[in-house]
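got a predicted model here, sequence first, then my questions.
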Amino acid sequence: MTAQVVQAKNICKTFKNNAVLKNVSFSANKGEIIAICGKNGSGKTVFVRILCGLMKADSGEVQVFGDQIGKNREFPQSTGIHFESSGLLLSENGFENLYLLSLINGLADTKAIREMISKVGLDPDDRRPVSAYSTGMRQRLGIAQALMDKPELILLDEPVNGLDFAGQEEFRKLLQGLRNEGKTIIFTSHNKEEIEHLADHAYEMVDGQLALLS
Amino acid sequence: MERKASIWREEFRRALNPKRLGLLLLLSAIILYIGWTGLQDRVPYERSFIDNWYGIYNDSFYPQLLALIAAFPFADSLVLDRKQGYLNQVLARTTYRKYLKAKAVVNALVGGLVAVMPLLLTYLLSSLLTGNPLNHPSVDQMALRPYSGFLRELYFNQPDGFIWLVLGLCFLIGASSASLGLAASLLVNNRFFALGLPLVLFNVLQYFAERTRILPDFLSPSYSLLNKSYSDIQLIQTPQEIPKLFILPGLVFLLAILGFVFLGKREMVTENKTIFESFKSKSEPKAKAINAKVVNLKAGKFPARFYSLFKRSFKPAYLLILVLIIFGTGFFFSRFLSNQGDLSLILGVTGDNLVNAWDVVFIALGNPWVMSLLIANSYLIFVSSLQPETGFGQISLFRLGSRKKNWLIQILYLFFSAVFYVFVVMLGLYLVGIINGYPPASQWSATTAFGGTWVNIPHWLPHETSLAGGLAMIFVLLSLGFFAMGLMIYTINTIVNRRLIGYLIVELFLLSSIGLAHGLIHKAAWLQALPLIQNLLLSLTPYGGREIGMIWQPYIYWLLVLVILIPLSLYFYRKQDFAVKTDEE
């Protein structure tokens, strides 16, 4: 039997009379790659933010690794997150950004940081501040940040936005490698075609509800 | 009907943002009301409409803040356009040249209008509500009207003409300030720099032209604004001297235009580079071995987490601003103290320790204007970006795994930054006092020991406590006060989930508390203790008479504020939804 990593039940979220999520239920098992697609503003990002505890659902519950998020735990354990607005300090270089984050939980040492930066195709010795990075480079660094602690669950919001063709191909290989290691990956995209060859299962967010695509 | 698309229309629409304009109007109304209360106390005679209008204008600190008010609507718009990527969208639809031209002109026009609008409304209200006849001789005894010369003639014979002349000058100074702010953002791509540089420049000019007399009179902003509070407008005796009033706005416009020409090149702006950054990227090798700033802290422990927060919250530019404020304030008051040298003769005090370097600290920290506009203000700016969380902050919180722990680290950061800031300011002012020739000392100066009021402390303080005790009292009071005000900003920003709002509200309360303190003079003691400024000074403003038995009041005040705000901030922080934020806001 496959272990359930994420389970969301009847999630509702409303912003100023705009119901973004209406009774959304969802589950993800260990070792799966799951994609959520949908138009801009359909609620994909809100849903992922609720899964990781950065936003609170108006009703419903989220369980990650058996912990109820917002009740037993505020944020899920062993989880890496990356959002489209990559959350990097523009005045610092790539290594410094990841190093400062590693100081908080102490799960990645400098060697692991350097390895992860190289793994996403960047140079850990690049001294330029992140403000000088292209959009694709920032995405790569954001993905490295999500992976550097070697989490079991990885939540990625629009990870291929801004990546060039080669970058997308590298990203696909990276995901497959992570799945082979037994990691669970949930990512969002606004492009249906893009996710078809990346994900095991794909959902579409339509009118605040998740519909299974494949 | 199809609307005519135009970059001018778009820029005007953005510049006339109702929220910002509403906030400015409110701020201006409070500032002018402060002038009104001051005028009521100072000139209780039959004032005509122009006496009221000119009195409010002079007795408020509106002319001193005019450069900031004018820059506020739109001078930082280029920074936002560049950082948020909006510039790219605009440039897909129009040429860069048209965009910059439209922005420069709209910014200048709106800056000028915003500077004039509150004064126009005051003019309207004053005309409608004042029934007293013109030129009543009783008012002539007070320092309100021009004493002599062409401007007196104009004031007495054509009051509306006089008002329109002042309004026109305010428009020009406002437009030039806004332009300078916009041009400054081409040099340093930062909102605070764009909004604050005109204010700082105008105050520096004021100091050097009017106080030290190093620069000619016509370079003092109050001269060009016909502001009687600070400059002697009697210097203008004939209509032929009027063109001198336009020299300052002309020069500021010229400076702004030079900025647009030399710093506004398309490649520098669209590539988000200032002149410094473009120089830096040329001189710095791209792939040199990194000098990793690995610190000797155990990751995952409190000091490492605190260091991470410090690194993302503290910007080196803050130090530069702090040094400028300390030196500017320290030199100003050192000079002021030297002018008071005769006081020791009047008091009959003799000896080597007539005035010492600690007097510079006391007099600067006891001045309500310096406190609210510079010292407290800059601290509030430094800590105003803690909430809402940036993208980096959200990831940091996620990695920490606990909102409460993250909140605690931020609250401690606020506390330690307040303590450190006050320590640096006090030490800095003391050192500037020594640089200016005042002796370092371990006891009260002889003049201050005679009565502390002249250095803005209660008269009884030198008799009741040692110098170290007095310094400790100020240190603790300011640390508590700054921490509490920082926490106010933190809580407001957490609730509204917007940056800048908390800072604007708290700074507005702080500034307006000076006027409020005037208005509450004859009210109940507990009401008098409410304005923020009364609790940042050992003395009371405006008359400095805090009694010995009441010295505990401000400490209790801040402790009460903290007792309310600490749990409140935690409550809202735990409730907060972390929406998408970027670090580029």
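Ah, there it is. Residues are numbered from 1 along each chain as shown, chains lettered A, B, ... in the order given.

after the lengthiest helix in chain A, next one along is what?
Assignment by DSSP state H gives helix A:165-180 as the longest helix of chain A. Heading C-terminal from helix A:165-180, the first helix or strand you meet, by DSSP states H and E, is strand A:184-189.

so how far is that next one off the chain centroid?
Centroid displacement of strand A:184-189 relative to its chain, using CA atoms, centre = their mean, to the nearest Å, is 6 Å.

list the buried residues in stretch B:447-456.
Across stretch B:447-456, burial judged by 16 or more other CB atoms under 10 Å in any protein chain shown covers B:447-448, B:450-456. The C-beta positions use only the backbone N, C-alpha and C, and glycine is treated the same way.

oops, could you answer that again for stretch B:346-366 instead?
Using 16+ other CB under 10 Å as the test for burial, stretch B:346-366 gives B:349, B:353-366.

could you dump that stretch to CSV, C-alpha only?
Provided in CSV are the C-alpha atoms of stretch B:346-366 (Å, rounded to 0.1, in the frame of the first residue of the first chain):
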residue,chain,number,x,y,z
ILE,B,346,24.1,86.1,33.3
LEU,B,347,23.7,83.2,35.8
GLY,B,348,27.0,84.2,37.5
VAL,B,349,28.5,80.7,37.0
THR,B,350,32.2,80.4,36.6
GLY,B,351,34.8,77.6,36.2
ASP,B,352,36.2,75.3,33.5
ASN,B,353,33.1,73.1,33.0
LEU,B,354,30.6,75.8,32.0
VAL,B,355,29.2,73.7,29.1
ASN,B,356,30.3,70.2,28.3
ALA,B,357,29.8,67.6,25.5
TRP,B,358,26.9,66.0,27.3
ASP,B,359,24.9,69.2,27.0
VAL,B,360,24.9,68.7,23.3
VAL,B,361,23.2,65.2,23.9
PHE,B,362,20.6,66.6,26.3
ILE,B,363,19.7,69.6,24.2
ALA,B,364,19.4,67.6,21.0
LEU,B,365,17.4,64.8,22.5
GLY,B,366,15.1,67.2,24.3
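
alpha carbons of the longest helix of chain A, as PDB, please.
Extracted in PDB, the C-alpha atoms of helix A:165-180 (Å, rounded to 0.1, in the frame of the first residue of the first chain):
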ATOM      1  CA  PHE A 165      14.100  25.200 -23.200                       C
ATOM      2  CA  ALA A 166      17.300  23.600 -21.900                       C
ATOM      3  CA  GLY A 167      16.300  24.700 -18.400                       C
ATOM      4  CA  GLN A 168      12.900  23.000 -18.700                       C
ATOM      5  CA  GLU A 169      14.600  19.800 -19.900                       C
ATOM      6  CA  GLU A 170      17.000  19.900 -16.900                       C
ATOM      7  CA  PHE A 171      14.100  20.500 -14.600                       C
ATOM      8  CA  ARG A 172      12.300  17.500 -16.000                       C
ATOM      9  CA  LYS A 173      15.300  15.300 -15.300                       C
ATOM     10  CA  LEU A 174      15.600  16.800 -11.900                       C
ATOM     11  CA  LEU A 175      12.000  15.900 -11.100                       C
ATOM     12  CA  GLN A 176      12.500  12.400 -12.300                       C
ATOM     13  CA  GLY A 177      15.600  11.900 -10.300                       C
ATOM     14  CA  LEU A 178      13.800  13.100  -7.200                       C
ATOM     15  CA  ARG A 179      10.900  10.800  -7.800                       C
ATOM     16  CA  ASN A 180      13.300   7.900  -8.100                       C
END
